[in-house]
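> Okay, sequence plus prediction incoming.
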Amino acid sequence: MNQLINKNLYGDYGDKEQASGTSGMHNTAGEWPLWEVFIRSKAGLDHKHAGSLHAADAQMAIENARDVYTRRMEGVSIWVVESKYIHASDPFEAASMYEPANDKVYRHPTFYDLPDELKHM
Amino acid sequence: MPNSKQMNQLLYTLQIADNALILGHRISEWCGHGPILEQDIALTNTALDHLGQARSLYQHAADMFNALSSDNKKTLFTSTALQNKINKGEALDEDDLAYLRDGWDFRNVLLTEQPNKDWGYTVARSFLYDAFSFYFYAALQKSKDTVLAAVAEKSLKEVTYHLRWSSEWMIRLGDGTEESKTRVQEALDSYWAYTGEMFEMTAVDKAALADGIGVDIAAIKTLWQERVNMVLEEATLILPANTWMHSGGKECRHSEHLGYILAEMQFMQRAYPDMEW
């Protein structure tokens, strides 16, 4: 059950402070919208969330991400998405969302021995 | 007096290195002052690219300098700080060439030393220079001087991105608001008069070309012009019509700005020789 929420905890995403300038936390009128950046560190791996940045549009967001997040050879591919399009689960529903899985150990594939050559599992 | 082959190769290398150092220093002045964090980092990255290019080229120039005859060494640079080192028989390194050379021994084009002023001026200056250096390095890859060719190959990747960045900003500002358009057009008109010098073949350029180590810069002017036209058209900006051009930087005649740049850049090494941190 996803819903749009206000950005009230670190790591949450809100739809209000982007571009509309109506955030209750600080005045962002006139600022560029916020974008979330995902970096693939090398071919074959997944894109991972690297952080966020401001940019006027998608192309600038990719260029800014290149300069901000790949300066130390962190990546070979960049995805960006405007933060307002990310829908997040409500942290106050964490108990009902995630805790029921805690006692279902049989769902974990912990009974296999992985060869040493397998990394990133 | 015509220069020897070695001497000319050294001066030619210095010319390329000085362009990179001085523009890199200018751009680094934005560090901590960018209009937005992301662009502050972008410009600082670019400044570091230029400094990296300058460093490799100065190392190469220092090697060539150290191989000169002692008579040539004594007459090439007038700075007392350098003369002291040379008279003591010390070999010069890349830092000496950057920090101890006097302004009248710098060979960068005047465009690179022009002030940042505002974002529009900074972008316009970078765009005009990046478009040049993109084609310049592409051609320099074929240099008979293997170090220059290697530096060119590495730098071309960096410059390709610089050109992408500055072209993108020309388009954003030109095709942006009324204010951004007016201001970037003014910057373009103002710095246009410094573009001619980039394509001027000095005696050093001609000798380097004849020796197979240099680039035929007159020939890349057409490519540069096409690129500039293409970006300006997309940016809805007007190509400046003035044809009168400043020149002199490549022959060590500079605008007042270079002195201020060097005063700030060289201060520490001049005041505290050989200091490290």
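Alright, I've got the coordinates. Computed from a predicted model, the values in this text were never measured in an experiment.
> going forward, measure contacts between C-alpha atoms and count neighbours the same way
Noted.
> Distance-wise, check A:H87 relative to B:A152.
46 Å (Cα to Cα, to the nearest Å).
> more crowded one of the two?
B:A152 (25 against 15; other Cα atoms under 10 Å in any protein chain shown).
> residues from the stretch 101-250 of chain B in reach of chain A?
B:W165 (Cα under 8 Å from any Cα of the partner chain).
> Spell out which residues of chain A are next to chain B.
A:L53, A:H54, A:E63, A:N64, A:D67, A:V68, A:R71.
> Got the phi and psi for the last one?
Spelled out, it's A:R71. Backbone torsions of A:R71, given as degrees, to the nearest 10, read phi -70, psi -30.
> Leaving out sequence neighbours, find the closest residue to it.
Counting by Cα to Cα, 6 or more residues apart in numbering or on different chains, A:R71 lies nearest to B:N45, which is 7.9 Å off, once chain neighbours are set aside.
> Please identify the helix or strand for the one you found.
helix B:37-66 (DSSP states H and E).
> wouldn't B:S167 be in contact with B:F127 here?
Yes. Counting by Cα atoms under 8 Å, B:S167 does reach B:F127; the two are 6.0 Å apart.
> follow-up on the earlier one: export the residues of chain A next to chain B as a markdown table, with columns for neighbour count and pLDDT.
Below are these laid out as a markdown table (neighbours: other Cα atoms under 10 Å in any protein chain shown; pLDDT from 0 to 100):
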| residue | neighbour count | pLDDT |
| --- | --- | --- |
| A:L53 | 21 | 95 |
| A:H54 | 22 | 95 |
| A:E63 | 19 | 94 |
| A:N64 | 23 | 94 |
| A:D67 | 20 | 92 |
| A:V68 | 22 | 93 |
| A:R71 | 13 | 86 |
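> Report the two of these separated the most.
Using Cα to Cα, the two most remote members of these are A:H54 and A:R71, lying 17.2 Å apart.
> List the buried residues for the helix-or-strand element of chain B with minimal mean pLDDT?
Across the helices and strands of chain B, the lowest-confidence element by mean pLDDT, DSSP states H and E is helix B:70-76, at a mean of 91. By neighbour count on 16 or more other Cα atoms under 10 Å in any protein chain shown, the buried set for helix B:70-76 is B:K73.
> which strands and helices sit next to that helix?
helix B:80-87 (3 or more Cα pairs under 8 Å, 6 or more residues apart in numbering or on different chains; DSSP states H and E).
> again, 10 Å this time
helix B:5-28, helix B:37-66, helix B:80-87 (3 or more Cα pairs under 10 Å, 6 or more residues apart in numbering or on different chains; DSSP states H and E).
> Run the angle between the second one and helix B:5-28 for me.
Put simply, helix B:37-66 runs at 160 degrees to helix B:5-28, going by axes from the mean of the first three to the mean of the last three Cα atoms, to 10 degrees.
> now the angle from helix B:37-66 to helix B:80-87?
Going by the same axes, to 10 degrees, helix B:37-66 makes 40 degrees with helix B:80-87.
> picking that back up, report the set of residues contacting both of B:S167 and B:F127.
B:V228, B:V231 (Cα atoms under 10 Å, 6 or more residues apart in numbering or on different chains).
> Does A:I62 touch A:S52 like I think?
No. Between A:I62 and A:S52 there is no contact under Cα atoms under 10 Å: 11.1 Å.
> who touches both of those two?
A:W35, A:V37, A:F38, A:V68, A:V80, A:V81.
> Any idea which of those residues the model trusts least?
Minimum pLDDT for the shared contacts of A:I62 and A:S52 is recorded at A:V68 (93).
> For that residue, list the residues it contacts.
Per Cα under 10 Å, 6+ apart, neighbours of A:V68: A:37, A:50-53, A:62, B:37-42, B:45.
> Please give the element, helix or strand, for residue 95.
Answering for chain A, as no chain was given. Per DSSP H and E: helix A:94-98 holds A:A95.
> I was after chain B.
Using DSSP H and E, the element containing B:D95 is helix B:94-99.
> Same question for A:V37.
A:V37 is part of strand A:34-40, with elements assigned from DSSP H and E.
> repeat for B:Q266
Short version, using DSSP H and E: B:Q266 is in helix B:256-271.
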